[in-house]
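Novice: give me a 3D structure for the following:
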Amino acid sequence: MHGYADYTSVLVWIQADAPGAVQVRWRTEHDGRDHALTLDAKAVDDDVVVARLTGMAPGARAAYAIDGDGERREGAVRAQPYWTAGDDAQDVTIAIGSCFFLAPAEPPWSASTYGGGYEIFDAIAAKAPDLMVWMGDNLYFQAPDELDPASMAARYRRQRALPALQRLLTAAPQIAIWDDHDYGPNDADMSYVMKGESLALFRRYWANPSYGLPDVPGVFGRTRWGDVDLFLLDDRWYRSANRMNDAPDKTMFGAQQLAWLRNALVYSHAPLKLVVNGSQLWNRANRFEGFNHFSYEQKALADWLLSQRVDGVMFASGDRHFTELLRIDRPGAYPLYEFTSSPLTSRAYENPDNAERTNPDLVAGTLVGKRQFGLIRLTGPEKTRQITLESYDQTGALLWRHEIDAKALRFARR
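Specialist: Numbers count the residues shown, from 1 in each chain. Prediction:
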């Protein structure tokens, strides 16, 4: 799998069939130099190694060869392009999706018909995104896994090896957050006793640029692609129980993660600041695990975004097994948009209830209960960037499209 690509290096995730040496060689396109390293795949790490292909130049490619297990894999990676404020911006395409269910191999769960439509992964790859963002429920732990790290790891190994997934894994860099099912049990919260083991597995199987902070664990972090800054949130590690009384101390993210988010948003100069979360953040009609059930924390964040006058903020989320675009109008400020994209292969919620269909924040024509994925595109010159949000079904057919002028996501200058 191709992991995160920065300006001068690219992460490549590799899983061997057995412990042993894994040799990685690559030639950088811009200077013709050869590079090599040898990594040691160990059983304790599920035979996983991550190679950092260094010596890259912004926007340049490198051809690689990986030798291990008596076989060779070849491919090519590309470093992230870089442009300065004085140059014309390049087009950026970010794919998003959530809820990847693969029926378990063992009975009785193997009889499940909950998952399907695995051709969606080739459909995503065919769109040639610059980056793929997995927004949680990227696999579904089953009841036998929840207290057994070996069983959890076996679930990861089996799902990552799915043949239908292989083209996408090397079609673009992949980054991820988690939601409940790939963190632990359904609707899991901070009390999940195996969350340390779950975090170790997540870090092993995803090649993000970072995970949390040195003294604040979790899967949250900030990354970038072009002139998009992505703020990846962790809605599980610090989460209060959903059924806890809604009160000022009920939290989805925890004080430390929220302090980090506020500082990171203010620090960012990107015209699009994409905040990515597993649960929905602004859907007032969400009866399940939405941020609306953490109303004190939700209001505090909304009030802060207004008082701080942070430009260019947009949200993306998963979980709901349908797609929709919400527009939350704010007096004296630009609207907040939330693009929900779900499910990839889980069963779709084909007939959302009346509260969802009549939600006054819903952008007409965007509520669709089908397996689907999303694209977020930035196009045009730096000073006139356009944001296009698109939803596609499992075959790659367009479901809906909505366009936004990037300048419309700014506060009026005083």
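
Novice: and residue 3, how many neighbours?
Specialist: For residue 3, the neighbour count with other C-beta atoms under 10 Å is 21. Where you see a C-beta, it was placed from the backbone N, CA and C, and this is true even at glycine.

Novice: what do you get for residue 348?
Specialist: Using other C-beta under 10 Å, residue 348 has 22 other residues around it.

Novice: my guess is it contacts residue 371, does it?
Specialist: Yes - taking C-beta atoms under 8 Å as the definition, residue 348 is a contact partner of residue 371 at 5.4 Å.

Novice: residues contacting the closest residue to residue 126 other than its chain neighbours?
Specialist: Here the nearest residue to residue 126 in space, its sequence neighbours aside, is residue 396; by C-beta to C-beta, 6 or more residues apart in numbering that works out to 5.9 Å. By C-beta atoms under 8 Å, 6 or more residues apart in numbering, residue 396 lies in contact with 123, 126, 127.

Novice: likewise for residue 149?
Specialist: When contacts are taken as C-beta under 8 Å, 6+ apart, residue 149 is in contact with 194, 197, 200, 201.

Novice: just the buried ones from those, in PyMOL syntax?
Specialist: With 16 or more other C-beta atoms under 10 Å as the criterion, this PyMOL line picks the buried residues out of those:
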select buried, resi 194+197+201
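
Novice: among the contacts of residue 149, which one sits closest to residue 44?
Specialist: For those, the closest approach to residue 44 (C-beta to C-beta) belongs to residue 200, at 10.7 Å.

Novice: wait, is that closest one part of a helix?
Specialist: Yes - according to DSSP: H, G, I helix; E, B strand; the rest coil, residue 200 belongs to a helix.

Novice: so who does it touch?
Specialist: Counting by C-beta under 8 Å, 6+ apart, residue 200 makes contact with residue 149.

Novice: and if you look at residue 379?
Specialist: Neighbours of residue 379 in contact, by C-beta under 8 Å, 6+ apart: 91, 92, 385, 386, 388.

Novice: do residue 50 as well
Specialist: Neighbours of residue 50 in contact, by C-beta under 8 Å, 6+ apart: 3, 11, 12, 13, 14, 207.

Novice: could you do residue 47 as well?
Specialist: Counting by C-beta under 8 Å, 6+ apart, residue 47 has contacts 15, 16, 17, 18, 19, 41.

Novice: between those residues, which is closest to residue 138?
Specialist: Nearest member of the contacts of residue 47 to residue 138, counting by C-beta to C-beta, is residue 15, at 15.6 Å.

Novice: number of nearby residues for the closest one?
Specialist: By the criterion of other C-beta under 10 Å, residue 15 has 20 neighbours.

Novice: okay, the residue nearest to it when sequence neighbours are not counted: pLDDT?
Specialist: If the residues on either side of it in the chain are set aside, residue 15 comes closest to residue 48, at 5.0 Å by C-beta to C-beta, 6+ apart. pLDDT for residue 48: 98.

Novice: now residue 178
Specialist: pLDDT for residue 178: 98.

Novice: ditto for residue 413
Specialist: Model confidence at residue 413, given as pLDDT, is 79.

Novice: now it: how far from residue 336?
Specialist: Distance from residue 413 to residue 336, counting by C-beta to C-beta, to the nearest Å: 19 Å.

Novice: quick check: domain ranges of this structure?
Specialist: 1-79, 83-409 (automatic domain parsing).

Novice: most packed of those domains?
Specialist: Greatest average neighbour count among these goes to domain 83-409 (a mean of 18), per mean count of other C-beta atoms under 10 Å.

Novice: how far does it stretch from start to finish?
Specialist: End-to-end distance of domain 83-409 (C-alpha to C-alpha, to the nearest Å): 22 Å.

Novice: from the chain's centroid, how far away is that domain?
Specialist: 5 Å (C-alpha atoms, centre = their mean, to the nearest Å).

Novice: oh, and call the first residue 38 from now on, that's how I've got it
Specialist: Renumbered: residue one is now 38, and that last one reads domain 120-446.

Novice: where does pLDDT dip in the stretch 338-451 of the chain?
Specialist: Applying pLDDT under 70 to the stretch 338-451 of the chain flags the ranges 451.

Novice: all helices for the stretch 88-237 of the chain, in order.
Specialist: Remark: helices assigned in the stretch 88-237 of the chain by DSSP state H, counting those that start in this stretch are 157-163, 186-197, 203-206, 232-242.

Novice: what's the mean pLDDT across the third one?
Specialist: Per-residue pLDDT values across helix 203-206 average out to 98.

Novice: residues making contact with it?
Specialist: Applying C-beta under 8 Å, 6+ apart, the external contacts of helix 203-206 come out as 38, 39, 158, 159, 161, 162, 169, 197, 211.

Novice: again, but for stretch 322-331
Specialist: With C-beta under 8 Å, 6+ apart, stretch 322-331 has contacts from 217, 224, 277, 279, 283, 287-289, 314, 316-321, 334-335, 356-357, 390, 392-393, 395-396.

Novice: quote the end-to-end distance of that stretch.
Specialist: Terminal residues of stretch 322-331 lie 13 Å apart, using C-alpha to C-alpha.

Novice: thinking again about what came up before, and which of the contacts of residue 84 is nearest residue 258?
Specialist: Each of the contacts of residue 84 was scored against residue 258 by C-beta to C-beta, and residue 52 proved nearest at 22.6 Å.

Novice: hang on, that closest one packs against residue 82?
Specialist: No - between residue 52 and residue 82 there is no contact under C-beta under 8 Å: 9.4 Å.

Novice: before we move on, the earlier item: residue contacts, the residue nearest to residue 52?
Specialist: Applying C-beta under 8 Å, 6+ apart to residue 85 gives the contacts 50, 51, 52, 53, 78, 241, 242.

Novice: can you redo the residues you listed as TSV with pLDDT?
Specialist: Below are the contacts of residue 85 laid out as TSV (pLDDT from 0 to 100):
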residue	pLDDT
50	98
51	98
52	98
53	97
78	98
241	98
242	98
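
Novice: residue 413 bridge partners, please.
Specialist: On the basis of DSSP bridges, residue 413 is bridged to residue 131, residue 426.

Novice: what does residue 73 give?
Specialist: With DSSP bridges applied, residue 73 shows beta-bridge pairing to residue 62.

Novice: many thanks, have a good one.
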